[in-house]
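Asker: Any chance you could fold what I've pasted below:
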Amino acid sequence: MLSLHIAGMYVLSPVVGWLADKVGKVPVLVLGMALLVASAALAGTAGERVWQITAGLTLLGIGWSCGLVAGSAMLSEAVAIERRPAVQGLSDLLMNICGATGTIIAGAIVGALSYGVLGLVVGVMVTATGLWLALARPSTSTPA
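Answerer: Alright, predicted model coming up:
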């Protein structure tokens, strides 16, 4: 299960990068969000069905890859070239801090409530972020 989840995170990264270049970063972000919502629905309703949890966690890995690859490319394009290493490094640091914090919070939610509630919380958060993305105006400014 975890091997498929981690493979979903990394194995398709070159394909996700190619797709982001071909169809655009925002569509790949939207695809990633759709995969995350599908993952939350599958895993959150799995109960004891290991195959369903595995499918959900695999989709979670692929959705994460879509968000990370497209988001990192957008961030790099949004800043001047001489600032990219520092900005990307800060982004990676913040992502890892949020990932560790999210893991602790997710464990607390599962422990106190259920895996289904965690799936619902994740689905709501991803949907809210997707709505924000859909309503945000694209920036036409030059890199900072």
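Asker: got any ranges where this structure has weak pLDDT?
Answerer: For the chain, the stretches with pLDDT under 70 are 137-144.
Asker: any idea which residue sits dead centre in it?
Answerer: Centroid check for the chain by Cα atoms, centre = their mean gives W64 as the closest residue, at 3.3 Å.
Asker: Give me the nearest residue to it, chain neighbours excluded.
Answerer: Spatial nearest neighbour of W64, excluding adjacent residues (Cβ to Cβ, 6 or more residues apart in numbering): M9 at 5.4 Å. Where you see a C-beta, it was placed from the backbone N, CA and C, and this is true even at glycine.
Asker: correct me, but the one you found touches G61?
Answerer: Yes. Using Cβ atoms under 8 Å, M9 is in contact with G61, at 4.1 Å.
Asker: Those two: who's more crowded?
Answerer: Taking other Cβ atoms under 10 Å, M9 and G61 do not tie; G61 has more neighbours (21 against 17).
Asker: ok, which stretches of the chain are helices?
Answerer: Under the criterion DSSP state H, helices of the chain are mapped to 2-10, 13-23, 25-44, 50-78, 84-112, 115-135.
Asker: Could you quantify the relative orientation of the shortest one and helix 50-78 as an angle?
Answerer: Relative orientation of helix 2-10 and helix 50-78, computed by axes from the mean of the first three to the mean of the last three Cα atoms, to 10 degrees: 20 degrees.
Asker: hmm, who's touching helix 2-10?
Answerer: 54, 57-62, 64-65 (Cβ atoms under 8 Å, 6 or more residues apart in numbering).
Asker: Give me the buried subset of the residues you listed.
Answerer: Neighbour counting by 16 or more other Cβ atoms under 10 Å classes 54, 57-62, 64-65 among the contacts of helix 2-10 as buried.
Asker: In a markdown table, list those along with distance to A40.
Answerer: Shown next, in a markdown table, are the buried ones among the contacts of helix 2-10 (distance: Cβ to Cβ, whole Å):
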| residue | distance to A40 |
| --- | --- |
| T54 | 15 |
| L57 | 11 |
| T58 | 13 |
| L59 | 9 |
| L60 | 8 |
| G61 | 13 |
| I62 | 13 |
| W64 | 12 |
| S65 | 16 |
